[in-house]
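S.K.: okay, sequence plus prediction incoming.
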Amino acid sequence: MTADPNHAGVAYQVWDRIDQIASGPGAIYNGPAFISTTRNHGRT
């Protein structure tokens, strides 16, 4: 999570959801990345 230093009341949060597709020495992981933005000081 980080606040935007150039725009008051704006902040961003980024995360990902990792799914393990295969296990073992050659494990494979996949999953989407997400971003959430607030422009009203965190009210929404």
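M.R.: Looks like it came in fine. Residues are numbered from 1 along each chain as shown.
S.K.: parallel or antiparallel, list what pairs with the worst-scoring helix or strand of the chain on mean pLDDT.
M.R.: One helix or strand of the chain scores below all others by mean pLDDT, DSSP states H and E: strand 19-22, with a mean of 89. Using DSSP bridges, the strands paired with strand 19-22 in its sheet are strand 28-30 (antiparallel).
S.K.: T2: how many residues sit nearby?
M.R.: The tally of other residues near T2 (other Cβ atoms under 10 Å) stands at 9. C-beta coordinates here come from the backbone N, C-alpha and C atoms, glycine included.
S.K.: now the residue nearest to it when sequence neighbours are not counted: which helix or strand?
M.R.: Once flanking residues are discounted, T2 sits nearest to Y12: 5.7 Å by Cβ to Cβ, 6 or more residues apart in numbering. Y12 belongs to strand 11-16 when assigned by DSSP states H and E.
S.K.: helices and strands around that strand, which ones?
M.R.: In terms of contacts (3 or more Cβ pairs under 8 Å, 6 or more residues apart in numbering; DSSP states H and E), strand 11-16 is packed against strand 2-3, strand 33-38.
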